[in-house]
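In: Return a 3D structure for these sequence lines:
(one chain, ligands or ions: 1)
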Amino acid sequence: MSPHRYLIKGATMPDGRICDLLIVAGLIQTISAKIEDTDAIVIKANGSVILPGLVDLHTHLRQPGREDAETVLSGSRAGAKGGFTALSAMANTSPVADNAGVVEQVFRLGQQAGLVDVFPIGAVTQGLEGVVLAEIGAMADSLARVRVFSDDGNCVFDPLVMRRGLEYIKKFDGVIAQHAQEPRLTVGSQMNEGEVSAILGLKGWPAIAEEAIIARDVLLVDHVKSRLHICHVTTAGGVEIIRWAKARGINVTAEVTPHHLLLTDDFARSYDPVFKVNPPLRTEKDVMALREGLSDGTIDIVATDHAPHSSESKECEWHEASFGMLALETALSIVQKTMIDSHLMNWTQVANCLSTAPARIAGYGDHGQPLQVGSIANITIVDPHASWSVDRDLSASKSRNTPFHGFELPGVVTYTFFKGVPTLFAGALVENDVS
Ligand SMILES: [Zn+2]
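Out: Modelled structure (predicted):
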């Protein structure tokens, strides 16, 4: 815990109240209309919005294996810059995080970086191959205490394997995060199947390839009474199925990415692979259904699917390019633009979908706590009245594949506090000595 004292003056709480907050030794010690403290470092929030530190349930940190694209440290820096205090490292590394050794390695690298909590996600199946269950119990019992399991990048396509995985994780209240992609319907697919793919001559990726798996898995999870999370929902039909499942009391949660809340398949007309992503960008109708689903709680959370790729993997022909986009540093701005500035959500809902709800789904007890006395000071401050121009060359990530380069976005993250210590201070990253 930090011995430091920080006094945040004039912050707008998610519910609109203006408060001063005093942080002492890692905790929120006082919240009041006016606090004076001569020993504290004073931060003038001037009406900026204060949120519980953001929690990402879907981050690709690429370590071990592709340290040229990202490392746990560089991804943690990008997270801190974007206002995150917790990241969930997806299992599709090399080697795959399908055993206790790899998840403990990633967990330790996160602690060494010391900028956010890095919680490893374990693979559902060995090698992400979808055939034999991974060492789920050993990962759950490991130092990393894994509770979220996913073959993300791949779909757990075999219904019997999915059933066994869902049954296994019940022992410790785990959750399987499914990348919903029916493999046979998406062989060689390059972008959303529709008008634009037909014009461009790129192989289409039908909405039903996603919806068929979502439908199957909500029925399956209901049958075995386990817990299912749907990664990156992208289609209006997918939102409808989840709405139906929730109305029946089925134990399912779902996420949407910032890019699917803003971008459509029209961007593929540029043939710029920076817009190539899995699942693909969809249509305007889908984007509107996703926003509505997030607003009414059908979709529980926003998760970034931050997917860094080296320039060799992205600066090439569309067909050869890897799927994926950077997302950590732009996530909150995109949510403000699509949900706050369009009056579909308020800041209390944003605090919920970017912090409280993902922390609850994954069981990250130190995160997503309400901003109240005694809470661990994982905190983000964003100036919603400021805007910024996205410049990929200023990214803290090791990769440059943001689809938002050159976009003018609202909302500037100015401070991130991780356990009471600033990792971002007045917009500048702070490297803490955690040795
Ligand atoms: Zn995925």
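In: From now on I want contacts and neighbour counts done on CA atoms only, so please keep to that.
Out: Will do.
In: Run through the helices of the stretch 1-150 of the chain in chain order.
Out: Assigned by DSSP state H, counting those that start in this stretch, the stretch 1-150 of the chain shows helices spanning 72-81, 100-113, 136-141.
In: quick one: which of those helices is nearest the ion?
Out: Between the ion and the helices of the stretch 1-150 of the chain, the tightest spacing by C-alpha to the ion is seen for helix 72-81, at 17.5 Å.
In: any idea which of the helices of the stretch 1-150 of the chain is most buried?
Out: helix 72-81 (a mean of 28; mean count of other C-alpha atoms under 10 Å).
In: tell me the mean pLDDT for that one?
Out: Helix 72-81 carries an average pLDDT of 98.
In: Are there helices or strands packed against it, and which ones?
Out: Here helix 72-81 touches strand 84-89, helix 100-113, strand 408-418, strand 421-425, strand 428-429, going by 3 or more C-alpha pairs under 8 Å, 6 or more residues apart in numbering; DSSP states H and E.
In: rerun at 7 Å
Out: Here helix 72-81 touches helix 100-113, strand 421-425, going by 3 or more C-alpha pairs under 7 Å, 6 or more residues apart in numbering; DSSP states H and E.
In: Include mean pLDDT and distance to the ion when you put these into JSON lines, please.
Out: JSON lines is the format used below for the helices and strands packed on helix 72-81 (pLDDT from 0 to 100; distance: least, C-alpha to the ion, whole Å):
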{"stretch": "helix 100-113", "mean pLDDT": "98", "distance to the ion": "19"}
{"stretch": "strand 421-425", "mean pLDDT": "97", "distance to the ion": "28"}
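In: Distance to T71 added to those, as JSON lines?
Out: Output for the helices and strands packed on helix 72-81, formatted as JSON lines (distance: least, C-alpha to C-alpha, whole Å):
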{"stretch": "helix 100-113", "distance to T71": "9"}
{"stretch": "strand 421-425", "distance to T71": "17"}
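In: So which of these is nearest S313?
Out: With C-alpha to C-alpha, the closest approach to S313 among the helices and strands packed on helix 72-81 belongs to helix 100-113: 23.5 Å.
In: how many other residues sit next to C353?
Out: Neighbours of C353 under the rule other C-alpha atoms under 10 Å: 27.
In: Check the one 3 residues further on too.
Out: Using other C-alpha under 10 Å, the number of residues around T356 comes to 25.
In: got it, and L57?
Out: Neighbours of L57 using other C-alpha under 10 Å come to 29.
In: and it, what does it touch?
Out: Residues near L57 by C-alpha atoms under 7 Å, 6 or more residues apart in numbering: 87-88, 303, 358.
In: Which residues outside stretch 351-362 are in contact with it?
Out: Residues outside stretch 351-362 that contact it (C-alpha under 7 Å, 6+ apart) are 51-57, 147-148, 300-302, 365, 367-369.
In: ok, so of the residues you listed, who is nearest the ion?
Out: L57 (11.5 Å).
In: separation between the closest one and I334?
Out: L57 sits 17 Å away from I334, going by C-alpha to C-alpha, to the nearest Å.
In: how many neighbours does the residue of the stretch 301-435 of the chain found nearest the ion have?
Out: Across the stretch 301-435 of the chain, no residue is closer to the ion than D305, which sits at 7.0 Å (C-alpha to the ion). When neighbours are defined as other C-alpha under 10 Å, D305 has 29 of them.
In: Residues of the protein that sit close to the ion?
Out: Neighbours of the ion within the chain, by C-alpha under 5 Å from the ion: 152-153, 179.
In: try it again with 8 Å
Out: 152-154, 178-180, 231-232, 278-279, 305 (C-alpha under 8 Å from the ion).
In: Next, format those residues as CSV and append pLDDT and secondary structure.
Out: Shown next, in CSV, are the residues of the chain next to the ion (pLDDT from 0 to 100; DSSP: H, G, I helix; E, B strand; the rest coil):
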residue, pLDDT, secondary structure
D152, 98, coil
G153, 97, coil
N154, 98, coil
Q178, 98, strand
H179, 98, coil
A180, 98, coil
C231, 98, coil
H232, 98, coil
N278, 98, coil
P279, 98, coil
D305, 98, coil
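In: Neighbour-wise, which one of these leads?
Out: Most neighbours among the residues of the chain next to the ion, by other C-alpha under 10 Å: D305, with 29 neighbours.
In: for the contacts of L57, which one is nearest G127?
Out: Distances from G127 to the contacts of L57, taken by C-alpha to C-alpha, are shortest for S88, at 18.6 Å.
In: beta partners of the closest one?
Out: S88 has these beta-bridge partners by DSSP bridges: F119.
In: okay, it: pLDDT?
Out: The model's pLDDT for S88 equals 98.
In: from memory L21 sits against I8, does it?
Out: Yes - between L21 and I8 there is a contact under C-alpha atoms under 7 Å: 5.1 Å.
In: For those two, work out which one has more neighbours and name it.
Out: Just comparing L21 and I8: by other C-alpha under 10 Å the higher neighbour count belongs to L21, 25 against 22.
In: hmm, back to that, could you tell me which of the contacts of stretch 351-362 count as buried?
Out: 51-57, 147-148, 300-302, 367-369 (16 or more other C-alpha atoms under 10 Å).
In: low-confidence ranges in the stretch 301-435 of the chain?
Out: Within the stretch 301-435 of the chain, the ranges that satisfy pLDDT under 70 run 432-435.
In: Also the stretch 1-150 of the chain?
Out: In the stretch 1-150 of the chain (pLDDT under 70), the answer is 1-3.
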